[in-house]
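Model the following, please.
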Amino acid sequence: MAKSSSLNVRVVEGRALPAKDVSGSSDPYCIVKVDDEVVARTATIWRSLSPFWGEEYTVHLPLDFHHLAFYVLDEDTVGHDDIIGKISLSREAIAADPRGIDSWINLNRVDRDAEVQGEVCLAVQMLKEVRGHCLRCHVLQARDLAPRDISGTSDPFARVFWGSQSLETSTIKKTRFPHWDEVLELWEMPGGPSPLRVELWDWDMVGKNDFLGMVEFPPQVLQQNPPNGWFRLLPFPRAEEDSGGNLGALRLTVRLIEDRVLPSQYYQPLMKLLMECVLGPAEEDAASPLAVLEELTLGDCRQDLATKLVKLFLGQGRAGPLLDYLTRREVTRTTNPNTLFRSNSLASKSMEQFMKLVGMPYLHEVLKPVINRVFEEKKYIELDPCKMDLGRTRRISFKGTPSEDNVREASLGLLTGYLGPIVDAIDVKYLAISGFLFLRFFAPAILTPKLFDLRDQHADPQTSRSLLLLAKAVQSIGNLGQQLGQGKELWMAPLHPFLLQSISRVRDFLDQLVDVNGEEEAGGPARALVPPSVTVREGYLLKRKEEPASLATRFAFKKRYFWLNGETLSYSKSPEWQTCSSIPVSHIRAVERVDEGAFQLPHVMQVVTQEGAGALHTTYLQCKNVNDLNQWLSALRKASAPNPDKLAACHSGAFRSSRWTCCLRAERSAAGCSRTHSAVTLGDWSDPLDPDAETQMVYRQLLLGRNQLRMKFLEDPNTDTSLAADTGKGPSTTKGACPDALVRQREAAAHLLEVLADLDRAHEEFQQQEQGKLAPGPLGP
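Reported below is the predicted structural model:
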């Protein structure tokens, strides 16, 4: 049995941020950290005190994470970025409401003494001697301490307090991973029992020492179960000061999803029910799992559910029947064909998620070259006379002041030049299909290419306007020209001839798209979401030479083009280079960040590999920015997730000048000093299929409607109300149903409730087994 934990985080916007620049504005961006790990960085919004980001992340996490933090900074071209404020949310606060957090939260000042991280390893003994009671505190080591010095390290020492006594360890210079291995003995003084407190400090030659964190143990813990192991460092207890909104606020959406996943065999009955229900008549269905789910889920839960259902049915080779079943229900319930697939129904969400999951490589192939051109060329494009800036065009062209006709003609040529390759790449009967495809798939990716991994940064205002015009044109093609010449945007008229010419090609494309044979309709064989040979990430990285002893650090890194798929991490001098080298994904044992001080370079990661029982080998790669680093870390961790013998710890530095830069050990083969983070990954379209976790999520959603299902079909056989009536969502699905149909629905409802009850019992049994195995261990803060 496994446990899963993930965070859905959306950084929406900020307001009333303080001005940090002499211009009276700021250039804010947001960093998202889980414990000590930076998991995301938003784009920088230039010259704004009320920035809108609208960026969303799914972070897969280990179950023992403690807090989530948001830091808002002002980006500066010269010097260090200015810290504006911080929001910290504990795991308990996030988990308190199953619906999560969705609100404005004030930013607070960043207190240096509260910015602690890392762990300390202690072994405590309580001894009874002739002189009295003696506390023996063995201070072994610490790891991942906060860097307090400009070099990116610290000079840590430990101070132990018991009653009125205190002792200190020696100071270890220039490390965040000190090894003391010192035993400090303190004797009990007259008075009541006293707690044990261990503080870690960074020694400074000039000025006061910097606080690194503390742990404290009450007297009863010392007597009954003396601490022995690793303990997380905490700040000094103090009430968090509320800035009262003086530093501005962020609007955040955060939801924690945690669950226990049973072994596969327990989910087989529910999975069988789900697969069978899509083969039956959708119009009369009211008691199947999918019908119940459709009536109960709303909002974000419906989108999450749609993603899980699509992935589950994809893995079983039944995605086609699922979408067909949901589409038939949608068509039956829709009276106006123009609104078909335009709502947030389960059918619309499932179709949207299916296109994202399966069609993302296709989307990248179609749009990425054109999107890159728009970003890199930065041409001025405008068709709306009310928004034309003729002076701006003159500054760009240096050819005098053009007329509106000149700007319109130039913009028309640019837009058709961008649209042509898109239509050619699409290789393009029904308005509902074309409208959905272009509205939910192509247009959003053109408007916000960063959210579809087409670009690393959001567009500037000029590029955003170009993308908006391009998206409007693509949507007009998707509408098959039915609204051309209507509405308020008559200034789009110069583009109409090109759009009408493209519509016939779109019709041909859609005819081919919906013309599938019987085998394809059945869904085909079970499949992986991303075949092993498909490239999931590629781009330029800087790779460190194997033995650059005679070279300066910066020149030891060479630019190489990398490709990652499920089988290999390959690289060569350029994408067109014939000869390439590769690292088998099956050999990867860890993928981790590297301290900036190791090479005096930012955004460096390490790929630790091992072939068979051979020695560990480390490849160092530098990424272009923190988001690129996070995405490569996530992709490599997910690709290597099934590998056995993953490392629990590795070195966060490099072996240079005959020692590790992180823990200062002189042996190259010394055990790793920092915990690995293989469970921390970013959720995206390339996440591997996990049928057990997906079925578990479906089971949790079905539990919400169990009582309504029982009341509707079993406890009151004469009722003619439905789940839809209970939730205020439309007419009854059982009114007027024939007796035979009602009997079948009751039998289906009874079967579903029985399957849910079996899963309930299985969860209770596993929970009891876990509690029985848990023996009292060392208590910590």
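
Could you give me the buried positions within the helix or strand encompassing residue 470?
Following DSSP states H and E, one finds residue 470 within helix 461-478. Neighbour counts over helix 461-478 (16 or more other CB atoms under 10 Å) mark 462-463, 465-467, 469-478 as buried. C-beta here means a position set from N, CA and C on the backbone, and glycine is covered the same way.

so which of the residues you listed would you say is closest to residue 649?
Closest approach to residue 649 among the buried residues of helix 461-478 (CB to CB): residue 463, at 44.4 Å.

can you pull the contacts of the closest one?
Residues near residue 463 by CB atoms under 8 Å, 6 or more residues apart in numbering: 374-375, 378.

Just say helix, strand or coil for the residue lying closest to residue 647 once chain neighbours are set aside.
Nearest residue to residue 647, sequence neighbours excluded (CB to CB, 6 or more residues apart in numbering): residue 590, at 4.2 Å. Each residue gets one of three states, and residue 590 gets strand by DSSP: H, G, I helix; E, B strand; the rest coil.

Give me the neighbour count for residue 440.
Counted with other CB atoms under 10 Å, the neighbours of residue 440 add up to 20.

Tell me which residues touch the nearest residue to it once chain neighbours are set aside, please.
In space, and not counting its chain neighbours, residue 440 is closest to residue 352: 4.7 Å by CB to CB, 6+ apart. By CB under 8 Å, 6+ apart, residue 352 lies in contact with 306, 440-441.

Pop out the phi and psi values for residue 109.
phi -70, psi 150 (degrees, to the nearest 10).

That one: neighbour count?
For residue 109, using other CB under 10 Å, the count is 16.

just residue 205 next, same as before
Using other CB under 10 Å, residue 205 has 5 other residues around it.

got it, and the one 10 residues further on?
For residue 215, the number of neighbouring residues by other CB under 10 Å comes to 19.

next one: phi and psi at it?
Note on residue 215: its backbone torsions stand at phi -130, psi 150 [degrees, to the nearest 10].

I'd say it and residue 197 touch.
Yes: assessed by CB atoms under 8 Å, residue 215 is found in contact with residue 197 at 7.4 Å.

Identify each buried residue in whatever helix or strand residue 538 lives in, please.
Under the criterion of DSSP H and E, residue 538 resides in strand 537-544. For strand 537-544, burial by neighbour count (16+ other CB under 10 Å) applies to 537, 541-544.

Show me the shaky parts of the stretch 1-150 of the chain.
Along the stretch 1-150 of the chain, segments meeting pLDDT under 70 span 1-2.

show me where it has helices.
Ranges of helices in the stretch 1-150 of the chain, per DSSP state H, counting those that start in this stretch, are 91-95.

and if you look at the stretch 651-781 of the chain?
691-704, 706-710, 723-726, 739-773.

how about a markdown table for the ones you listed, with distance to residue 128 added?
Below are those laid out as a markdown table (distance: least, CB to CB, whole Å):
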| stretch | distance to residue 128 |
| --- | --- |
| helix 691-704 | 51 |
| helix 706-710 | 58 |
| helix 723-726 | 67 |
| helix 739-773 | 33 |
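
Which one of the buried residues of strand 537-544 is nearest to residue 706?
For the buried residues of strand 537-544, the minimum distance to residue 706 (CB to CB) is 41.7 Å, reached by residue 537.

close enough to count as contact, the closest one and residue 630?
No: using CB under 8 Å, residue 537 makes no contact with residue 630, being 11.5 Å away.

quick one: contacts for residue 124?
Here residue 124 is in contact with 135-138, 196, 217, 222, 226-228 (criterion: CB under 8 Å, 6+ apart).

With the flanking residues excluded, which residue is spatially nearest to it?
residue 226 is the one closest to residue 124 (CB to CB, 6+ apart), at 4.3 Å.

mind checking the SS state of the one you found?
Reduced to three states by three-state DSSP, residue 226 is coil.

do you know how far it is from residue 213?
Look at residue 226 and residue 213: by CB to CB, to the nearest Å, they are 20 Å apart.

And those two? Which one has more around it.
Legend: neighbour count by other CB under 10 Å for residue 226 and residue 213, higher for residue 213 (26 against 19).

Is the nearest residue to residue 63 once chain neighbours are set aside bridged to anything, and to what?
Nearest non-adjacent residue to residue 63, counting by CB to CB, 6+ apart: residue 5, 4.9 Å away. Under DSSP bridges, the beta-bridge partners of residue 5 are residue 258.

Residue 5 and residue 255, how far apart?
For residue 5, the distance to residue 255 equals 12 Å [CB to CB].

Likewise for residue 759?
Taking CB to CB as the measure, residue 759 and residue 255 are separated by 23 Å.

Where does pLDDT dip in the stretch 601-750 of the chain?
686, 713-739, 741.

if we can go back for a sec, in PyMOL, how would I select the buried members of the contacts of residue 463?
Listed next is the PyMOL selection for buried residues among these, using 16+ other CB under 10 Å:
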select buried, resi 374+375
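
could you show me where the strands are in the stretch 251-400 of the chain, in order?
Using DSSP state E, counting those that start in this stretch, no strands are found in the stretch 251-400 of the chain.

Mind jotting down where the helices sit in it?
Ranges of helices in the stretch 251-400 of the chain, per DSSP H, counting those that start in this stretch, are 268-277, 289-296, 299-315, 319-333, 346-377, 390-397.

Relative to residue 646, which of these is closest?
So among the helices of the stretch 251-400 of the chain, helix 299-315 is nearest, using CB to CB, at 23.9 Å.

gap between the closest one and the chain center?
Relative to its chain's centre, helix 299-315 lies at 16 Å (CA atoms, centre = their mean, to the nearest Å).

Check stretch 40-50 too.
Remark: stretch 40-50 is offset 19 Å from the chain centroid, using CA atoms, centre = their mean.

Stretch 411-430 too?
In this view, stretch 411-430 has its centroid 32 Å away from the chain centroid, taken as CA atoms, centre = their mean.

For it, buried residues please.
Buried positions in stretch 411-430, judged by neighbour count with 16+ other CB under 10 Å: 411-412, 414-416, 418-419, 422-423, 426, 428.

Stretch 7-24 now?
7-11, 13-14, 17-18, 20.

Could you give the number of residues near the residue nearest to residue 670 when sequence neighbours are not counted?
Spatially, and ignoring its direct neighbours in sequence, residue 670 is nearest to residue 660 (6.5 Å; CB to CB, 6+ apart). By the criterion of other CB under 10 Å, residue 660 has 23 neighbours.

cool, residue 624 as well?
Around residue 624 there are 14 residues (other CB under 10 Å).

which SS state does it fall under?
Assigned with three-state DSSP, residue 624 falls in the coil class.

With the one 10 residues further on instead?
In three-state terms, and counting by three-state DSSP, residue 634 is helix.

Show the contacting residues for it.
680-682, 684.

least confident pick among the contacts of residue 352?
Here the lowest pLDDT out of these sits on residue 440, with 73.

Give me the distance from stretch 189-198 to the chain's centre.
Counting by CA atoms, centre = their mean, stretch 189-198 is centred 45 Å from the centre of its parent chain.

mean confidence for that stretch?
Averaging pLDDT along stretch 189-198 yields 85.

and it, how far apart are its ends?
End-to-end distance for stretch 189-198: 18 Å, by CA to CA, to the nearest Å.
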